[in-house]
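A predicted structure for the sequence below; I have some questions about it.
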Amino acid sequence: MFLAACAQAERPGTPEEVSAEVETTEPEIVPTETETNPENLTKTTETNPAVSETPATDPVKKKEKSTIKEEANTTPDTPIAEVPAEVETPTIDPVVEEDKPTEIPEPAPQTAPSHVIWDGLLRKYVNATGQVNYSALKANKDVLQSYLDLLADNPPRSDWSRNEKMAYWINAYNAFTVKMIIDNYPVGSITDLHSGKPWDVKWIKIGDKTYSLNQIENEILRPIYKDARIHFAVNCAAKSCPPLLNQAFTASNLNAQLEAQAKAFINNSNYNTISTNNVKVSKIFDWYEVDFGNVVNYLNEYSNTKVTSGATINYRDYNWMLNGL
């Protein structure tokens with residue numbers, strides 16, 4: 001405000017005011033003798049050629065007048081914006097890159113599907129000794145199917161852990177076996193189905209592949225994981241088969257679950273009779289001897305009764321009757 005006021009005070013008047021001011025400062029011209037007496041005009045001119053008809057103007061005053069007019073036409077209050085010089089943008093030649101193959105991003109890691117649905121069914125329809133209430137489970141088969149669909153839509157991936165994949169295949173084997181039974185229930189034995197060869201039928205859809213029960217056990221579980229405890233985890237729906245665990249196998253609990261299953265089965269007198277010098281054990285130890293190795297040594301890992309190296313080994317007959325209630 002103060003600067004604006006000062007500028008206004010110093011600003012000269014309008015051109016008309018300035019002209020009037022300059023004109024009033026010019027000296028008064030006193031009429032000469034020539035002007036009062038026309039007859040003397042010729043004489044005066046001749047004797048004083050420097051005197052002209054037009055009165056002389058003070059050059060200093062004229063310069064001042066010109067300067068004042070120029071200043072009057074200038075507006076000091078309004079700054080004149082400087083126009084920036086136009087900067088020429090340099091032309092950059094495009095970099096020509098060599099053709100490179102398109103990189104396909106790695107798929108994001110995906111965890112294994114939850115087995116909570118299957119776990120709920122097992123806890124509800126399977127008792128502590130592994131007997132299954134197939135009749136009641138059949139009435140709730142839609143829930144079982146939802147779990148099987150979950151498995152079908154989420155096949156094992158390479159980025160899953162070993163335990164995740166192993167638990168997946170054990171649960172799949174057991175759940176699809178139960179599915180086969182309830183689809184044909186009531187039935188006396190699984191061997192009554194598919195001409196006595198239910199394990200060879202390829203009907204289990206997982207991802208873009210179709211498997212049989214035999215393929216899951218003998219082409220995936222056994223050769224890949226090489227763990228004989230698998231035989232105490234998979235269930236073939238028969239009375240002599242190791243009992244179906246009434247909870248789902250999970251990656252976090254897998255080792256503990258397999259250990260518990262092995263110990264419970266070997267020490268159950270319904271399946272094995274063990275003494276120091278004589279054992280009569282499940283036919284499973286005969287069929288899968290290649291997985292167990294030395295039977296006595298394997299039994300001694302879990303048996304409450306220690307068996308001598310020279311003990312007699314016999315195998316029980318296998319009961320294929322349904323493991324139902």
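Great, that's in hand. Numbering: from 1, shown residues only.

C-alpha from now on. contacts and neighbour counts both.
Will do.

Contact partners for Leu137?
Residues near Leu137 by C-alpha atoms under 8 Å, 6 or more residues apart in numbering: 121, 125, 182.

So which of the residues you listed is the closest to Asn171?
Nearest to Asn171 out of the contacts of Leu137 is Leu121 (C-alpha to C-alpha; 12.0 Å).

Flag every buried residue along whichever helix or strand that closest one is part of.
Following DSSP states H and E, one finds Leu121 within helix 116-125. By neighbour count with 16 or more other C-alpha atoms under 10 Å, helix 116-125 contains the buried residues 117-119, 121-122, 125.

Let me know the closest of the residues you listed to Thr305.
Closest to Thr305, out of all of the buried residues of helix 116-125 and judged by C-alpha to C-alpha, is Leu122, at 31.2 Å.

Let's verify the closest residue in space to Ser252 that isn't next to it in sequence: helix, strand, or coil?
Spatial nearest neighbour of Ser252, chain neighbours left out: Asn163 (7.5 Å); criterion: C-alpha to C-alpha, 6 or more residues apart in numbering. In three-state terms, and counting by DSSP: H, G, I helix; E, B strand; the rest coil, Asn163 is helix.

Remind me what the helix holding Leu121 packs against, helices and strands.
Contacting helix 116-125 under the criterion 3 or more C-alpha pairs under 8 Å, 6 or more residues apart in numbering; DSSP states H and E are the following elements: helix 134-138, helix 141-153.

at 10 Å instead, please
helix 134-138, helix 141-153, helix 162-183 (3 or more C-alpha pairs under 10 Å, 6 or more residues apart in numbering; DSSP states H and E).

so which of the ones you listed comes closest to Val234?
Smallest distance to Val234 across those (C-alpha to C-alpha): 6.0 Å, for helix 162-183.

buried stuff in the helix or strand following the closest one?
Using DSSP H and E, the helix or strand that follows helix 162-183 in sequence is strand 204-206. Neighbour counts over strand 204-206 (16+ other C-alpha under 10 Å) mark 204-206 as buried.

mind listing what the very next helix or strand once past strand 204-206 pairs with, with the direction of each?
Per DSSP H and E, the first helix or strand lying C-terminal to strand 204-206 is strand 209-211. Each strand paired with strand 209-211, and its direction, by DSSP bridges: strand 204-206 (antiparallel).

What are the contacting residues of the strand it pairs with?
Residues outside strand 204-206 that contact it (C-alpha atoms under 10 Å, 6 or more residues apart in numbering): 148-156, 172-173, 176-177, 210-213, 215-216.

what about 7 Å?
For strand 204-206, contacts defined as C-alpha atoms under 7 Å, 6 or more residues apart in numbering pick out 151-153, 155, 210-212.

Equivalent analysis for stretch 278-292, please.
Applying C-alpha under 7 Å, 6+ apart, the external contacts of stretch 278-292 come out as 228, 271-274, 295, 298, 311-318.

likewise stretch 262-272?
229, 232, 240, 242, 280-282, 302-304.

Over to stretch 176-194?
With contact meaning C-alpha under 7 Å, 6+ apart, stretch 176-194 is reached by 134, 138, 197-198, 236-237, 320-322.

Can you tell me which of those are buried?
Among those, those buried by neighbour count (16+ other C-alpha under 10 Å) are 134, 138, 198, 236-237, 320-322.

can the residues you listed go into JSON lines with extra columns for distance to Ala112 and pLDDT?
As requested, the buried ones among the contacts of stretch 176-194 are arranged in JSON lines below (distance: C-alpha to C-alpha, whole Å; pLDDT from 0 to 100):
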{"residue": "Tyr134", "distance to Ala112": "28", "pLDDT": "99"}
{"residue": "Lys138", "distance to Ala112": "27", "pLDDT": "97"}
{"residue": "Pro198", "distance to Ala112": "28", "pLDDT": "98"}
{"residue": "Cys236", "distance to Ala112": "24", "pLDDT": "98"}
{"residue": "Ala237", "distance to Ala112": "26", "pLDDT": "99"}
{"residue": "Trp320", "distance to Ala112": "33", "pLDDT": "98"}
{"residue": "Met321", "distance to Ala112": "34", "pLDDT": "99"}
{"residue": "Leu322", "distance to Ala112": "31", "pLDDT": "99"}
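
Please identify which pair of those residues lies farthest apart.
Using C-alpha to C-alpha, the buried ones among the contacts of stretch 176-194 reach their maximum pairwise distance at Lys138 and Trp320, which is 20.7 Å.

how about the strands in the protein?
Taking DSSP state E to define them, one finds strands in the chain at 204-206, 209-211, 273-274, 278-281, 312-315.

Export these to JSON lines and append columns for mean pLDDT and distance to Ile190.
Below are the strands of the chain laid out as JSON lines (pLDDT from 0 to 100; distance: least, C-alpha to C-alpha, whole Å):
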{"stretch": "strand 204-206", "mean pLDDT": "98", "distance to Ile190": "16"}
{"stretch": "strand 209-211", "mean pLDDT": "99", "distance to Ile190": "18"}
{"stretch": "strand 273-274", "mean pLDDT": "98", "distance to Ile190": "26"}
{"stretch": "strand 278-281", "mean pLDDT": "98", "distance to Ile190": "22"}
{"stretch": "strand 312-315", "mean pLDDT": "98", "distance to Ile190": "22"}
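
Great, nothing more from me.
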